[in-house]
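**Q** Please find the sequence and the predicted model below.
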Amino acid sequence: MQRLLDIETRGSGLYEFTPRLQAWLREIGAGDGLCTLLVRHTSASLLIQENADAEVQTDLRGFFERLVPPADHPSMRFLRHTHEGPDDMPAHIKSALLPVSLGIPVLEGRMMLGTWQGVYLFEHRARPHRRQIALHFA
Amino acid sequence: MQRLLDIETRGSGLYEFTPRLQAWLREIGAGDGLCTLLVRHTSASLLIQENADAEVQTDLRGFFERLVPPADHPSMRFLRHTHEGPDDMPAHIKSALLPVSLGIPVLEGRMMLGTWQGVYLFEHRARPHRRQIALHFA
Amino acid sequence: MQRLLDIETRGSGLYEFTPRLQAWLREIGAGDGLCTLLVRHTSASLLIQENADAEVQTDLRGFFERLVPPADHPSMRFLRHTHEGPDDMPAHIKSALLPVSLGIPVLEGRMMLGTWQGVYLFEHRARPHRRQIALHFA
């Protein structure tokens, strides 16, 4: 069972889609199995993170902005791939540091996530984008 | 085939559970297939690393402590989610940087790990915790 | 369906093997399913990245060289596991930061990668190595 999930982003940050994922599993009548996700981009990531306190998401974004600053930051002067804007190459680097694919066991139709875990798309580009995630269940 | 594996941790660091994983595969009579692991927490990680020299584990912990210092470190003043202690938000960040899920091919009941690879839980919190890993084999 | 894929490396950097992966899927007559990859080493990684502009690969390597410098760099003096050379422990750290396994949905024999995505081995050691990737399709 496969599907493409579209997510519209409006700037960098985390976009939760746990409910849409759960809805898809219900829709296909998923029982026991494995749900695999792949983000089809090299400037956005998948992430499983706490969905209780929104400040966790702000801090995550803050950390990665500091770890991988924009290409016009003095510490990033070594970058060569800069013609697509100062947020482009840092987005590729963040997409190497964060998950591109996730495997989530499913039991009786429910993802085996922990109590506080949600599934997110982490957008690394500044401009709005339409992102696509390939879903697989078996 | 699914199971929840509990791991008791006593402070941050790496806890190997390769033998327990292999024992579970034996127990269920696993032949050829795929073993998927998901850690059900946002402040601990999974990791496949060298199990020959224990100093590798000390150094890994040392590196991540420096890359993501406690919340009361001057470089981390930007953090907002600090009410659960100085090791909490850094634990969320480390859990974004390190694997939350792993897929390991299994051949004739044996995980296709390399000679020096072991499977670890990487605990990021200071206090003792009971951690849970969802296992899936198919 | 399983196979071991060998990749010869000549120094640190990215080595694309998307065509070999696609060829293997064709060879085994793969239809719909999931392709899982595991790198059997703790000093090399898997990576899905842009395969359009080669400068992206140079910059990725440049970033990780700066984030995790060689063991003889002043900032890395805390390392203990140094007897296998200055590029060894940093290689283990990079292998913790970058993917060790990948799950890629396959539809009608084709990997559901995005337009610009390629699959790479990221070698972290300086000397030539023969690297092995375990492939699984089901």
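**A** Noted; the coordinates are in hand.

**Q** what angle sits between the helix or strand where A:Ser95 lies and helix C:88-97?
**A** Using DSSP states H and E, A:Ser95 falls within helix A:88-97. On the basis of axes from the mean of the first three to the mean of the last three CA atoms, to 10 degrees, helix A:88-97 is oriented at 90 degrees to helix C:88-97.

**Q** Just the residues contacting helix A:88-97, thanks.
**A** A:41-45, A:64, A:67-71, A:76, A:79, A:81-82, A:122, A:124-125, B:97, C:47, C:49-50, C:56, C:59-60, C:63-64, C:97-98 (CB atoms under 8 Å, 6 or more residues apart in numbering or on different chains). Using the backbone N, CA and C atoms, a C-beta is placed for each residue, glycine as well.

**Q** 7 Å instead?
**A** A:42-45, A:64, A:68-71, A:79, A:81-82, A:124-125, B:97, C:47, C:49-50, C:56, C:59-60, C:63, C:97-98 (CB atoms under 7 Å, 6 or more residues apart in numbering or on different chains).

**Q** Give me the helices and strands touching the helix or strand just after it, please.
**A** As assigned by DSSP H and E, the chain's next helix or strand after helix A:88-97 is strand A:101-107. Using 3 or more CB pairs under 7 Å, 6 or more residues apart in numbering or on different chains; DSSP states H and E, the elements in contact with strand A:101-107 are strand A:33-39, strand A:44-50, strand B:33-39, strand B:101-107, strand C:101-107.

**Q** mind checking the longest helix of chain A?
**A** If you go by DSSP state H, chain A has its longest helix at helix A:54-67.

**Q** before we move on, the earlier item: tilt between the helix holding A:Ser95 and strand A:33-39?
**A** Going by the same axes, to 10 degrees, helix A:88-97 makes 160 degrees with strand A:33-39.

**Q** can you pull the pLDDT of A:Ala52?
**A** On pLDDT, A:Ala52 comes in at 88.

**Q** Next up, the contacts around the closest residue to it other than its chain neighbours.
**A** Nearest residue to A:Ala52 in three dimensions, chain neighbours excluded: A:Trp116, at 5.2 Å (CB to CB, 6 or more residues apart in numbering or on different chains). Each residue near A:Trp116 by CB under 7 Å, 6+ apart is listed here: A:50-52, B:42.

**Q** any residue of the longest helix of chain A up close to chain C?
**A** No - on the criterion CB under 7 Å from any CB of the partner chain, helix A:54-67 is out of touch with chain C, staying 7.8 Å away.

**Q** Check which helices and strands that helix sits against.
**A** Using 3+ CB pairs under 7 Å, 6+ apart, helix A:54-67 sits against strand A:13-16, strand A:44-50, helix B:88-97.

**Q** Up against chain C, what does chain A have?
**A** A:2, A:36, A:38, A:40-42, A:78-81, A:89, A:92-93, A:96-97, A:100-101, A:103, A:134, A:136, A:138.

**Q** what's across from A:Thr15 in the sheet?
**A** Just to correct that, residue A:15 is Tyr rather than Thr. Note on A:Tyr15: beta-bridge partners by DSSP bridges are A:Leu121.

**Q** Sorry, slip of the keys, the one I care about is A:Glu50.
**A** Bridge pairing for A:Glu50 - DSSP bridges - gives A:Gln117.

**Q** any idea how far it is from A:Ala23?
**A** Distance, A:Glu50 to A:Ala23, using CB to CB, to the nearest Å: 21 Å.

**Q** Repeat that for A:Gln57.
**A** Counting by CB to CB - A:Gln57 and A:Ala23 are separated by 22 Å.

**Q** again with A:Arg127
**A** Taken as CB to CB, the span from A:Arg127 to A:Ala23 is 28 Å.
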